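Colleague: Sequence isn't available, so here's the structure alone:
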């Protein structure tokens, strides 16, 4: 059974940092692109970033550029989202998704999400 499990969320003050992890199992992460999405209360889900199976330079949502960074460690079956200089508007449930090879719109597997709350 293919699974993605997010962790690392929590409560943080504005300006703080968190590192989210997406641990995968049941499929070969080497062959999959992983995207991070988020959904805030009352808002639509939005794509933050995606890293393809081939590497390369990931794209980022404009509002998180220069603050967030996506990376992958295939040996650990894990993809990370480093989030710095967090703002209250970053408060959301964060999800990771998996898709064969390259980033795109439709994904094969989804995680259950981890809550990030940024508040003073």
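Modeller: The structure has been received and is ready for your questions. Just so we're clear, the structure is a prediction, and the values are computed from it rather than from any experiment. Numbers count the residues shown, from 1 in each chain.

Colleague: For the worst-scoring helix or strand of the chain on mean pLDDT, could you pull out the residues that count as buried?
Modeller: In the chain, the helix or strand scored least confidently by mean pLDDT, DSSP states H and E is strand 55-60, which has a mean of 87. Buried positions in strand 55-60, judged by neighbour count with 16 or more other CB atoms under 10 Å: 58, 60. Placement of C-beta: from N, CA and C, glycine included.

Colleague: Tell me which strands that strand pairs with, and in which orientation.
Modeller: strand 46-52 (antiparallel) (DSSP bridges).

Colleague: Where do the helices of the protein begin and end?
Modeller: Counting by DSSP state H, the chain has no helices to list.

Colleague: Just give me the residue closest to the centre of it.
Modeller: residue 36 (2.8 Å; CA atoms, centre = their mean).

Colleague: For residue 94, see how far away that residue is.
Modeller: 6 Å (CB to CB, to the nearest Å).

Colleague: shared neighbours of these two, anything?
Modeller: Shared contacts of residue 36 and residue 94, defined by CB atoms under 8 Å, 6 or more residues apart in numbering, comprise 20, 48, 81.

Colleague: thought residue 59 was touching residue 50?
Modeller: Yes: here residue 59 reaches residue 50: they are 6.8 Å apart, a contact under CB atoms under 8 Å.

Colleague: Need the residues touching each of the two.
Modeller: residue 103.

Colleague: OK, contacts around the residue nearest to the centre of the chain?
Modeller: Residue 36 sits in contact with 20, 22, 47-50, 70, 79, 81, 94-97, where contact means CB under 8 Å, 6+ apart.

Colleague: So what does the spatially closest residue to residue 27 that is not a sequence neighbour have for phi and psi?
Modeller: Spatial nearest neighbour of residue 27, chain neighbours left out: residue 2 (4.7 Å); criterion: CB to CB, 6 or more residues apart in numbering. With angles defined as degrees, to the nearest 10, residue 2 sits at phi -80, psi 130.
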